[in-house]
Structures are given as structure tokens and as C-alpha cells.
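J.: Quick one: sequence and predicted model below, then my questions.
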Amino acid sequence: MNQLTSEPVLTQPLEMPRSRKIRLDPRYVPPLFITCILLVGHLFYGILESYDKTTLAIVAAIVTEMVLGRIFFGKWINLASAYITGISVGILLRSPALWPFALCSVISIMSKYVLRVKARGRDGVFTGRHIWNPSNFGICVLLFLASDTVASLSIQWGNFKWPLLVIWILGSIIIWRARRFHISAVYVVSFFLFAFIRSWITADPWQAEIAPITGPMYQLFVFFMITDPKTTVRSRTGQCVVAFCVALVEMFMRLNQVIYAPLYALFIVGPTAMLIDLWLESRRATAANATT
Amino acid sequence: MKTARILLTLVFIALLATPLAIKRLSAGHEIARGTLDTKAAVARYGFYLEEVARSSGVNFIHQAPTLDRQLDHIMPQVASMGAAVSIVDFDRDGWADIYVTNSGEGSKNSLYRNMGDGSFSDVAAKLGVADLNQAGTGVSMGAVWGDYDNDGYEDLFLYKWGRPELFHNDAGRAFTRVTDKAGLPSWVNANTAVWFDFDSDGLLDLFLGGYYAEDVDLWHLKTTRMMPESFEYAKNGGRKYLFHNLRNGLFEEVSQKVGIDTRRWALAATAADLRGTGHPDLFIANDYGISELYVNDGKRFRDFGRQAGVGFSPKSGMNAAVGDILNQGQYAIYVSNISEEGVLIQGNNLWVPKQGTAGDSLQYDNLARAMDVELGGWSFGAQFGDLNNDGNLDLYLVNGYVSANRNTNYWYDFSKIAGGNSTIISDAAHWPAMEGRSLSGYQQKRAWLNDGTGKFINVAQAVGATDTYDGRAVALVDLWNRGVLDVVVANQRAPLLIYKNTVTPDNQWIDFELEGTASNRSAIGAEVRLFRNGQQQVQQVSGGSGFCAQNQRQLHFGLGKQPRLEKAEIRWPSGKVETIKTLVAGQRYKIKESQ
């Protein structure tokens, strides 16, 4: 394999420590969780505009991953990541048209293969890494370029508190087991902090400022986007700083009335943090090589 | 591998450019703006519109209500409805008159009598149907006309955020308030009502749809928790009423008894025989949720929305109009919703029956996108009608929610609260202040011409429909008996507009004015199926359609050039079917149901 084109392995499924009791491959826990959210949301509240759109998004993501994986890495790669991307697109994107769902999924997956940076690891070997969370990239691109046709999910799924609570608790447990809870926690705490600051600045009711985080878009954002292992920095402290920065940038965007502030904030902060992290990593590797 | 990577990058760039290419392509379906060139408009589209309200003596300007002070911060969006228009020939002089509602406390409704010479005279005060927005009684939201006692004169039902009112038409000379005798409820926050004879007993019944819950007095709020509990799944709206006509001016409320039990936020309703069973079904477009289709088995209704495919995807339904847009003898249903670029793209729905489905197998497809009638901004009222007499039903749509400060908008705050949990969104106190900002304001209207092949093209700007008021209700009517459909638009906090239509004389027409005998005398629910040139088009007399509107009762068919008229089949609500085989274009046929 070419050194510059290492396999983009799984982008979103979180690495879960193995448990004696649960034999399920840990990589499949997040996809199962997101599928449960989707099914519960749809069966109880009919959240999907149609089965066609979500199916199309998932199929497009999976097919793209299969084809590109085969071409560039010469093997069939695990499809859990593509599945999460597809299902995220199917849930988060809202459009009366079908084509945005397919296009968004294809762009999301393709971004992993095209938008890569050369990074030198501690072992001195160069590898290619993608720096955007795929579905975050795809959705932002569609929101930028096809605003007349698409929007992002920004409403509640139903009106009951219990499903909301169950999703947050289950999601937290899964994230905890994946050792990524700190990222979500820092982001959520920061969001609330900044919500109150925004309320103080704008004189809008604080309930209005915290309203967005009670919606399902944030559930996906908090559990699946900002915790993506392949597009977050490596150190635990760094991850917390990045989560805080996402919330901070989001606050400034919200003060400027940017509707999709969290998605755009991650779109900007995520790759920036990754580039800094890769640069620091490269410097450390160079220094280590020099000493040996 | 390097070549593959370069190719991949090129494909990636092409995909990124795809939305822009699609946008450019779809822009081709919109007609460019510009000043009205009447000759060019007639030559290209077969008609043009000229706004003549003021020159016709109509100087009506709608006033919005001022509700409880606890709603001050969001008043423009709460007090955002009430401009309504309904067409009636109340004095049976052969000229269509216009009734418009006002909504400011103490403001007056107007009944514009058509003088037949191109002018109108407001006779509402003289006849006793003007001063209906007095403090403590609520304010008008809309009106529908129907001859509930079959005396030959259309009676007036006024629905309000407040006390609904029924007025008996005393032979076109005065109106008598008969609300109390009729047994109507004391307070309903209603935004839709429809006259129809659901049990085919020859007497008009009345559907009334609540928006806010009926225990909410918007001028004296006990609590600010009166907003919808969800942007798309709200079920805390007003109840629905079905008043069964018992004769002698008495009505019995039977909604639950006959199977209509819903608290969704109804904004529009219409009744039509959608399944071809001979019984009028009831379609309700709900704000903050799914639409509902109640099919009528003659005595009872069944919720059929999911089964038919129309009650699945929740949106912000604000209009319900039916029309045979494909000349195939079945009704499509148009439901307007919200689309705001970059924020919320619900898309309007055009529910077209799947081919070969009828009765209990009836299924609809949403073809709004395929037919190019999907995006209409923050859409409100819409009506089907043949604007250029080419034989295909066109679609006129008005839109715009709150036109205030042009440079700032409320969308960010709106989207913020719309995503909140029910405990947040349902409390008006939690909503950020509007502070003079617009919310989908100053929008351009749509006059979608049906080309007969399944495509509509927006020609509003090119034919003279250039206003950007906050449009609410639209009604189509031949105001001057010229064989064309004029357009009357009621705007919120803005003037009533009358667009006089001029149609190319090449395109011909035929009208039917029906009068029931065994059926209700208004003939509401009667259908005319006109066969011409090997095609058929069905239209029905409606007791209310669109948003807070009612079209003229007579049925207007455009015929195109050199039509070959075959026959007209009239199906009365009583079940009788009559056929007229000798038809001449350019005539209005007055037909009384045979005994």
C-alpha cells in the first residue's frame, strides 16, 4: 500500500473496549444505537419524510465506500462507518427532493478519500488522514451550495421527555464505554455556559437559548460528530479543548444569527485542530528521529 | 493509482458543483421579472392581470388585532391571520359580490356589492354584517357562504378567534343574526370552516376547525403556555366541530359521534368527493403537523390520511384546494407549507391520485416538485382555476408571513425556538422578541400556469401580479361576467387587491351555475364533468377552499381554441346524474336539479 494513502478505516464508529458479557463487535454498537434512535423516532413520531430518502442516503454512502475502498485499497473495507454517515445524512438532511440525499452521502464518503493531509507519525511513517467528519462535511457543503433545496433537521421528534432522556442516557453510556464521554460532556457543559452568556448579551429568554440542545440534531451532533475518533485530536486534554472551542465558535456564530452554527463551528474548528495536532505530531516525530 | 486519485478529485469537484448546476437549470422554469407588457403577456401566456381595487371603489385595508400584552414581544407573528375573502352573490342580481373580514378590535368587515358597472359599494354596515369585531367578542378570521335553509339566498357563517356567528340572509335585503338559535359554541379560535352536506340529506352542514384551543382567550391569557407543543407534532390545538343541520335553523354538533376527533392545529379545510363514492370527504391541512383526510362513508368519517399517503410527513399546512389538474377526472389537492432558502425547506404538497386508485384504494403521490409548484416561500392561500382559459387548471398562490424591517429577519430566533422541547416551545414567554424584524416578508406571489403536460410555470411577474404584501386568502371569481377568472387577494395588514383578468379572445370558456332542489340549494358538492376534445375535467361547487377563502359558486371551464364540446355530466349531492349533450362555448348555463 502506498504510504500516502493509508486506508481510511472506520471514520465514526468508536473503538469500544471488549466486554466479557457483550460479544457484539464493539464497532457495531454506535451504528446499532443510531439505528435504534432512527427506528424509535420514526415508529413513534414518523420523523422520516420517507423511507426512500433515508434508504437512498444509506445505500449511496455504502456503495461509495465499497467502490472507493476497493479501488484505492484493493479490499472490501468495513462498512459501519459508511452506514453511520448515510444514516446521519438521512436524519439530519431535510429536503423534498431525493437527489440531495444521494449527493450528500457520496460527497461525505468521497471527502475521506480526497481531502486528506500527509501526516508523519511517531514511527516516522507518512500516512494520509482525512480531517473533516464526513457527514459534517457533506451536510455543510449542501447547506452552503443548495440552500434553496435543503435544510438541516432543526425540530423535535415528538413532544415527550422520556424518549429524549433515554437517548441521552443511552448515548452517554455508549460514549462512556468508548472513552469519549469527556468530549461530549465538555461540549454540553460549554454549550449551556455559552447559552446563558448569550441570553445575558441578547436579553432573550434563557429557555430559547438552550432550546436547540433539546432537539435531536444535537443528539447526533454530540454523540456522533464531535466524538469521531478519526477527526479528533489525540490527547484527552486536546479533545476537551477542541470541544470547548467548537462551543465557543458556535456561540459567536449564534450571536451573529447563524442558524446551523454547531455544524459550521465543527466544520471550521475540527480540521483546524486536526492540522495543528498533525503538525505537532510531525514535529515530535522529527525530534524523536533526530535523537535516535 | 495517481491517475485514479486525479480522476477521483475531478469527480469530487464536479459533485460539489452539482447543486449549483441544478439551481441554474431549475431557474429556467421561472419567468424573469420586468415591467408588465400586456401584449406580450397575452401573446405568451394568454392573459394578464391588472390591479383595479381602488379604481373600482374598494379601499379596504386589513387591520390586525392587538392581543394580550403578554404576547407583545411576538405580536406580529401571533396576530398574523384574519385577512379573508369569500365570494357570494348575496342578492342574486347575477353579479358576484365580495365579503372581506377585518381583524382589528372594533374594525369593520366589508361586503362589496358588485354594481355591475365596474364599481363596488360597501353595504356591510347597512345590511348588518360589518361591526362584528367588537371588543370581547373576538375578531374575524374568515367567512363562508351557504344557503343552509334552502330559501335561495346564501347565508353567512363567520368564524373568528372568538364567538362564531351565523347570519340569515333575508332575501338579499338584510341579514339576521341567528347564532344563538343555531346552537353554536360561545368561543372558538377558528381559522377554517366549510359548508358541505356530509349526509346527503339536502341540508348544508358545517365544519369548523379550531386553531388555538377553545379555552384560550387571546386577549386575556391565563397562561402563556398556549403555543403549539411542537413545530411538527403538535396536538394541543383547537377541537373540531361538525354541525349537523337539523332544519329550521337548528344544528347539532356531531363531530365525535361521526368520527372526527382531532386537536391538531387546523388552518385550512375543504370537502370534495375525493374517492368517487358520492359522499364528500374532508381534507384538513394542519399547521405544526400532518394533514388529515377524513373519508366519508355517508354517515361516519374515517381517518384515512396515512392510508392515502397524505398524512405521513408533518409540515405546516396552510391551504387546502382541490383541482383536476391533469384533466383525468380526479382531484389533486394542494397544501401550502413553508420554504425559506437556507433555513427551512418543507416544500408545498401537490397530492395527485395515483393512477388507477379510487375508493378505499385511493393513494396519493406528492408531485409538487415534479410539477414545479413546490417552492412558494411562506405560502398561504392558493386556488386552482383556469386563468387563461386554455383548458388546464392553473394555480394562484399568495405568500409572505411578516413584512416588517426589510434588513433584519427573525428566522434565526424562530428556528432556535422551533427546535425546542415542548416545555420550551409551548410557552410564548420563552419566544425571543421579534423587535420589528421580518419573517419571510415581502415575498413574490406565484401564478403557476399549467402547460397541460404535467408542468407548471410561474408567470406572476410577467402577467402583472407584482405585489409583495403578506398574502393570506385568494379567491377566483368572474367579477364582471366576461368569461374569465379574476383574482381577489386579502392581505394581512394591507390592502385588498382585485386583479382584473384579461384573457386572449382565442381561448373559449363555458360556465355552469347550479341550483339544487333535492340537493342543497347552493348545490355545494355538485360536480360537473365536462367532456371535450376526448378529455374530461371535473369541477365541484365548494363551500370553502384555499386559506380562509371561498371561490365563486359557478363553475368556470376554460376550453382553449376551437373546442369540440361533447357533453357535461352533472352529479348532484342527492346522487342524481344529469347529462347535457348540446353545449355551446361562451355561455353560462343555469341548471336546476330536475325534480
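T.: On my side now, so go ahead.

J.: can you pull out the strands in the stretch 301-450 of chain B?
T.: B:301-303, B:321-323, B:332-335, B:339-340, B:344-345, B:349-353, B:364-366, B:379-385, B:394-399, B:405-409, B:437-438, B:446-450 (DSSP state E, counting those that start in this stretch).

J.: Next, residue 36: phi, psi?
T.: I went with chain A, as the question did not name one. Phi and psi for residue A:36, reported as degrees, to the nearest 10, are phi -60, psi -40.

J.: Let me rephrase: I mean chain B.
T.: According to degrees, to the nearest 10, residue B:36 has phi -70, psi 120.

J.: Would you mind listing what in the stretch 151-300 of chain B touches chain A?
T.: B:229-235, B:290 (CB under 8 Å from any CB of the partner chain). Glycine gets a C-beta too; all of them are placed from N, C-alpha and C.

J.: Rank those residues by pLDDT and give me only the lowest.
T.: Among these, residue B:232 carries the lowest pLDDT, at 84.

J.: The stretch 1-150 of chain A against chain B: which residues are in contact?
T.: A:2, A:5, A:45-46, A:49-50, A:68, A:71-72, A:94-97, A:99-100, A:103, A:106-107, A:110-111, A:113-114, A:141-143, A:145-150.

J.: Any of these buried? List them.
T.: Among the residues of the stretch 1-150 of chain A next to chain B, those classed as buried by 16 or more other CB atoms under 10 Å in any protein chain shown are A:5, A:45-46, A:49, A:68, A:72, A:94-97, A:100, A:103, A:106-107, A:110-111, A:113-114, A:141-143, A:145-150.

J.: what's around the residue in the stretch 401-550 of chain B that chain A sits nearest to, how many residues?
T.: Residue of the stretch 401-550 of chain B nearest chain A, by CB to the nearest CB: residue B:420 (2.9 Å). Number of residues near residue B:420 (other CB atoms under 10 Å in any protein chain shown) recorded here: 26.

J.: Then residue A:208?
T.: Residue A:208, neighbours per other CB under 10 Å, totals 23.

J.: That one contacts residue B:412, correct?
T.: No - Residue A:208 is beyond contact range of residue B:412, at 10.7 Å (criterion: CB atoms under 8 Å).

J.: Helix or strand with the lowest mean pLDDT in chain A?
T.: Least confident helix or strand of chain A, by mean pLDDT, DSSP states H and E, is strand A:126-130 with a mean of 75.

J.: Which neighbours in the sheet does it have, and how are they oriented?
T.: Sheet pairing for strand A:126-130, assigned by DSSP bridges, gives strand A:116-120 (antiparallel).

J.: got the CA positions of the partner strand in CSV?
T.: Only the C-alpha atoms of strand A:116-120 are listed here, as CSV (Å, rounded to 0.1, in the frame of the first residue of the first chain):
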residue,chain,number,x,y,z
ARG,A,116,-6.5,14.1,3.1
VAL,A,117,-3.4,15.5,4.6
LYS,A,118,0.0,13.9,4.7
ALA,A,119,0.9,13.2,8.3
ARG,A,120,4.1,11.8,9.8
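
J.: starting at the chain centroid, how far to it?
T.: Computed by CA atoms, centre = their mean, to the nearest Å, the chain-centroid distance of strand A:116-120 equals 20 Å.

J.: cool, stretch A:187-204 as well?
T.: 23 Å.

J.: quick one on the thing from earlier: where does the residue of the stretch 401-550 of chain B closest to chain A land on pLDDT?
T.: So residue B:420 comes in at 86 (pLDDT).

J.: residues near residue B:590, how many?
T.: Neighbours of residue B:590 (other CB under 10 Å): 12.

J.: OK, contacts around residue B:87?
T.: Contact analysis of residue B:87 by CB atoms under 8 Å, 6 or more residues apart in numbering or on different chains lists B:96-99, B:145, B:475, B:477, B:488, B:550-553.

J.: residues of the helix or strand residue A:66 falls within that come out buried?
T.: Assigned by DSSP states H and E, residue A:66 falls within helix A:51-73. By 16+ other CB under 10 Å, the buried positions in helix A:51-73 come out as A:53-54, A:56-58, A:60-65, A:68-69, A:72-73.

J.: tell me what the longest helix seen in chain A is packed against?
T.: Determined from DSSP state H, the single longest helix within chain A is helix A:261-291. Secondary-structure packing of helix A:261-291 (3 or more CB pairs under 8 Å, 6 or more residues apart in numbering or on different chains; DSSP states H and E): strand A:116-120, helix A:134-145, helix A:236-255.

J.: pLDDT score assigned to the residue of the stretch 151-292 of chain A found nearest chain B?
T.: Proximity of the stretch 151-292 of chain A to chain B (CB to the nearest CB) peaks at residue A:211, 2.9 Å away. The per-residue pLDDT reported for residue A:211 equals 93.

J.: can you give me the offset of the longest helix of chain A from its chain's centre?
T.: 17 Å.

J.: Also stretch A:139-151?
T.: 17 Å.

J.: Then stretch B:113-130?
T.: Using CA atoms, centre = their mean, the offset of stretch B:113-130 from its chain centre is 23 Å.

J.: Span of that stretch from start to end?
T.: In terms of CA to CA, to the nearest Å, the two terminal residues of stretch B:113-130 are separated by 13 Å.

J.: Give the buried residues for that stretch.
T.: B:113-114, B:120, B:122-124, B:127-130.

J.: And for stretch B:576-595?
T.: B:576, B:583, B:585, B:588-589, B:591, B:593.

J.: can you pull out the strands in the stretch 1-150 of chain B?
T.: Along the stretch 1-150 of chain B, counting by DSSP E, counting those that start in this stretch, strands occupy B:47-51, B:84-88, B:97-101, B:110-114, B:120-122, B:138-146.

J.: list the helices and strands the third one packs on?
T.: Right, strand B:97-101. Contact partners of strand B:97-101 among helices and strands, from 3+ CB pairs under 8 Å, 6+ apart: strand B:84-88, strand B:110-114, strand B:138-146, strand B:486-492.

J.: Not including adjacent chain positions, what is the nearest residue to whatever residue of the stretch 51-200 of chain B ends up closest to chain A?
T.: Of the residues in the stretch 51-200 of chain B, the one nearest chain A is residue B:73, at a distance of 9.4 Å by CB to the nearest CB. Nearest residue to residue B:73, sequence neighbours excluded (CB to CB, 6 or more residues apart in numbering or on different chains): residue B:433, at 3.8 Å.

J.: Could you report the neighbour count for that neighbour?
T.: Count around residue B:433 with other CB under 10 Å applied: 17.

J.: before we move on, what about residue B:530?
T.: Residues lying near residue B:530 (other CB under 10 Å) number 27.

J.: Same check on residue A:27?
T.: 16.

J.: At which residues are the helices of the stretch 101-250 of chain A located?
T.: Applying DSSP state H, counting those that start in this stretch to the stretch 101-250 of chain A gives helices spanning A:134-145, A:161-177, A:181-202, A:206-210, A:216-220, A:236-255.

J.: so of these, which one's packed in deepest?
T.: helix A:134-145 (a mean of 25; mean count of other CB atoms under 10 Å in any protein chain shown).

J.: Any chance of a markdown table for the helices of the stretch 101-250 of chain A, columns distance to residue B:182?
T.: Output for those, formatted as a markdown table (distance: least, CB to CB, whole Å):
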| stretch | distance to residue B:182 |
| --- | --- |
| helix A:134-145 | 52 |
| helix A:161-177 | 43 |
| helix A:181-202 | 50 |
| helix A:206-210 | 43 |
| helix A:216-220 | 46 |
| helix A:236-255 | 52 |
